[in-house]
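Chemist: The amino acid sequence is not available; the structure is as follows:
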């Protein structure tokens with residue numbers, strides 16, 4: 001089978017490119033699929049004429065992990081093109097990628113499908129006081145950034161002064177991008193990797209151990225935690241996988257995960273972040289339909305970590321994602337159209 005890998009390869013370590021993948025990750029994906037017997041071509045979407053490369057290579061399917069560079073629709077660009085070209089691809093479609101990146105749209109869809117999530121408020125301006133029905137503490141985030149960008153240790157605020165300072169800083173730093181304020185949930189936090197469609201395989205749950213952060217740090221997986229304090233050279237022992245869960249909590253997590261995946265119309269694979277509220281109830285923080293899959297275990301990449309705990313090495317994980325994608329109804333329909341056209 002011919003597989004194209006659509007991606008963005010990180011050219012430097014600046015914050016601008018932090019959502020992009022390092023070449024080592026792309027190389028590991030390429031090697032994995034070659035070892036599985038496939039013919040592979042890497043398409044760096046920042047440097048290539050994507051449409052021309054796809055037409056020349058004529059892939060049977062595209063393994064898509066292209067993040068794009070800017071704007072709230074950046075992750076949808078490649079899937080939109082592939083839909084236009086009638087080319088099958090792994091992962092969610094354009095609408096899901098837009099809705100998952102925009103935190104307010106995610107909340108609205110979760111509310112529509114009665115999936116528990118924190119109270120939220122969207123604003124285009126810095127806030128001098130809390131919206132009605134909110135109490136401190138709250139957490140402030142940019143509306144459509146990923147990889148913990150803009151989620152600083154100081155983003156958890158406890159008073160009006162810090163509310164204004166942080167909200168003003170975020171709007172300024174991210175070029176007038178709106179912000180979202182969420183009630184800050186104080187319970188345990190988990191991230192859950194899933195593979196599937198109608199039948200979801202929920203991989204072992206990963207728990208984030210905030211006790212491993214510096215003593216003065218807020219209990220969040222902030223930008224500092226992800227990119228400064230937790231490094232490959234000095235990894236924090238911040239994740240437990242599988243998490244220690246009683247039967248009731250495990251069942252609740254699995255139910256919420258399935259409902260959230262369905263609410264945003266995710267396909268094939270995703271990673272979903274959860275946190276318990278003060279009553280111990282599971283809430284969805286956000287969904288990531290383009291999860292990171294760094295191959296090096298020292299990098300603390302949660303999707304491969306969960307896969308390893310389930311007994312899948314990197315190659316088997318890639319194979320499972322591919323086989324899942326080939327069986328989803330969107331790709332099977334594309335393959336039927338392609339076969340009909342060729343006959």
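Modeler: Received the coordinates, thanks. This one's a predicted model, so the numbers in the text were calculated from it and none came from an experiment.

Chemist: how much space between the nearest residue to residue 250 once chain neighbours are set aside and residue 281?
Modeler: Distance criterion Cβ to Cβ, 6 or more residues apart in numbering; nearest residue to residue 250, sequence neighbours excluded, is residue 205 at 7.5 Å. Any C-beta I mention is one placed from the backbone N, CA and C, and that applies to glycine too. Taking Cβ to Cβ, to the nearest Å as the criterion, residue 205 is separated from residue 281 by 16 Å.

Chemist: what's the answer for residue 89, then?
Modeler: When distance is defined by Cβ to Cβ, residue 89 is 36 Å away from residue 281.

Chemist: and the two? which has more neighbours close in?
Modeler: Taking other Cβ atoms under 10 Å, residue 89 and residue 281 do not tie; residue 89 has more neighbours (27 against 14).

Chemist: Please enumerate the helices of the chain.
Modeler: With DSSP state H, the ranges of helices along the chain come out as 23-35, 50-57, 77-84, 94-101, 103-112, 160-173, 223-224, 247-263, 302-309, 314-327, 329-342.

Chemist: Make a markdown table from those helices and add distance to residue 129 to it.
Modeler: A markdown table is the format used below for these (distance: least, Cβ to Cβ, whole Å):
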| stretch | distance to residue 129 |
| --- | --- |
| helix 23-35 | 43 |
| helix 50-57 | 46 |
| helix 77-84 | 38 |
| helix 94-101 | 28 |
| helix 103-112 | 20 |
| helix 160-173 | 5 |
| helix 223-224 | 26 |
| helix 247-263 | 31 |
| helix 302-309 | 36 |
| helix 314-327 | 46 |
| helix 329-342 | 46 |
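
Chemist: can you redo those as JSON lines with mean pLDDT, distance to residue 210 and mean neighbour count?
Modeler: Formatted as JSON lines, the helices of the chain follow (pLDDT from 0 to 100; distance: least, Cβ to Cβ, whole Å; neighbours: other Cβ atoms under 10 Å):
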{"stretch": "helix 23-35", "mean pLDDT": "97", "distance to residue 210": "26", "mean neighbour count": "17"}
{"stretch": "helix 50-57", "mean pLDDT": "96", "distance to residue 210": "40", "mean neighbour count": "15"}
{"stretch": "helix 77-84", "mean pLDDT": "96", "distance to residue 210": "35", "mean neighbour count": "19"}
{"stretch": "helix 94-101", "mean pLDDT": "97", "distance to residue 210": "24", "mean neighbour count": "22"}
{"stretch": "helix 103-112", "mean pLDDT": "98", "distance to residue 210": "21", "mean neighbour count": "18"}
{"stretch": "helix 160-173", "mean pLDDT": "96", "distance to residue 210": "20", "mean neighbour count": "17"}
{"stretch": "helix 223-224", "mean pLDDT": "88", "distance to residue 210": "13", "mean neighbour count": "20"}
{"stretch": "helix 247-263", "mean pLDDT": "98", "distance to residue 210": "18", "mean neighbour count": "17"}
{"stretch": "helix 302-309", "mean pLDDT": "97", "distance to residue 210": "15", "mean neighbour count": "22"}
{"stretch": "helix 314-327", "mean pLDDT": "97", "distance to residue 210": "27", "mean neighbour count": "19"}
{"stretch": "helix 329-342", "mean pLDDT": "82", "distance to residue 210": "39", "mean neighbour count": "12"}
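
Chemist: what's the burial count for the closest residue to residue 21 other than its chain neighbours?
Modeler: Once flanking residues are discounted, residue 21 sits nearest to residue 7: 5.7 Å by Cβ to Cβ, 6+ apart. Around residue 7 there are 24 other residues, counting by other Cβ under 10 Å.

Chemist: Over to residue 123?
Modeler: 15.

Chemist: ok, now which ones touch it?
Modeler: 167, 178-181 (Cβ atoms under 8 Å, 6 or more residues apart in numbering).

Chemist: wait, which of those is closest to residue 69?
Modeler: Ranked by distance to residue 69 (Cβ to Cβ), the contacts of residue 123 are led by residue 178 at 18.8 Å.

Chemist: these two touch, right, that closest one and residue 145?
Modeler: No - applying Cβ atoms under 8 Å as the test, residue 178 and residue 145 come out as separate, 11.1 Å apart.

Chemist: Between these two, which has more neighbouring residues?
Modeler: Taking other Cβ under 10 Å, residue 178 and residue 145 do not tie; residue 145 has more neighbours (21 against 18).

Chemist: what's the neighbour count on the nearest residue in space to the more buried one that is not next to it in sequence?
Modeler: Spatial nearest neighbour of residue 145, excluding adjacent residues (Cβ to Cβ, 6+ apart): residue 174 at 6.7 Å. By other Cβ under 10 Å, 16 other residues sit near residue 174.

Chemist: List the residues that contact residue 174.
Modeler: The contact partners of residue 174, taken as Cβ under 8 Å, 6+ apart, are 142, 145, 150.
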